[in-house]
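J.: Structure for the following, please:
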Amino acid sequence: SFYVRPDILDKITVKTGEDTNVTELRIIEVKSKSWDSSRDTVESKMWTANKKSIKSLYLPYIQDIAFQSLVCRAAYPDLRVSSWLMMPDRAKKMKYNNNSGSGGHEHHGGNLANGNGMVPTG
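T.: The predicted structure is shown next:
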């Protein structure tokens with residue numbers, strides 16, 4: 001038997017048709033390694049120029065999330081399993097309010113592509 005500890009394991013219901021819902025487990029691997037969407041695309045950052053292999057810097061991240069996905073698929077064969085890599089994007093600003101009455105604040109390194117902070121890995 002195998003043991004995994006995803007950084008985030010999110011169980012959601014996905015509507016796949018008019019009357020059809022599917023339960024999905026989203027395995028989210030959180031990394032502090034950041035990127036800049038104003039200079040790079042996700043594909044150019046992670047894939048080699050010929051797009052035949054993953055860049056060596058990101059290979060351990062992908063292997064880790066792939067193993068976690070494999071174990072979850074074996075443990076929950078009736079559920080859909082998706083895997084995601086979450087990395088901060090230096091080009092984005094994240095606004096938040098700390099409820100101290102001093103107004104909102106901005107920090108760089110907010111969300112990744114599509115505003116949800118995640119890149120699908122499989």
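
J.: Which positions in whichever strand or helix holds Ser69 come out as buried?
T.: Remark: Ser69 resides in helix 59-75, with elements defined by DSSP states H and E. Neighbour counts over helix 59-75 (16 or more other CB atoms under 10 Å) mark Tyr61, Ile62, Asp64, Ile65, Gln68, Ser69, Val71, Cys72 as buried. Glycine gets a C-beta too; all of them are placed from N, C-alpha and C.

J.: now do stretch 86-96
T.: Met86, Met87, Pro88, Asp89, Ala91, Lys92.

J.: hmm, which two among those residues are most spread apart?
T.: The span of the buried residues of stretch 86-96, defined through CB to CB, is set by Met86 and Ala91 at 15.7 Å.

J.: Now for Ser1, how many residues are close by?
T.: Ser1 has 5 neighbours, counted by other CB atoms under 10 Å.

J.: do you know how far it is from Ala75?
T.: Distance, Ser1 to Ala75, using CB to CB, to the nearest Å: 9 Å.

J.: Look up how far Ala75 lies from the residue nearest to Ser34 when sequence neighbours are not counted.
T.: Of all residues not flanking Ser34 in the chain, Pro88 sits nearest, at 4.4 Å (CB to CB, 6 or more residues apart in numbering). As judged by CB to CB, Pro88 and Ala75 stand 30 Å apart.

J.: So Pro6 lies in a strand, does it not?
T.: No - according to DSSP: H, G, I helix; E, B strand; the rest coil, the state of Pro6 is coil, so it is not within a strand.

J.: lowest confidence element among the helices and strands of the protein?
T.: strand 104-108 (a mean of 48; mean pLDDT, DSSP states H and E).

J.: Buried residues in stretch 17-34, which are they?
T.: Residues Leu25, Arg26, Ile27, Ile28, Glu29 are the ones in stretch 17-34 that count as buried (16+ other CB under 10 Å).

J.: Packing partners of the helix holding Ser69?
T.: Counting contacts by 3 or more CB pairs under 8 Å, 6 or more residues apart in numbering; DSSP states H and E, helix 59-75 packs against strand 21-30, strand 80-86.
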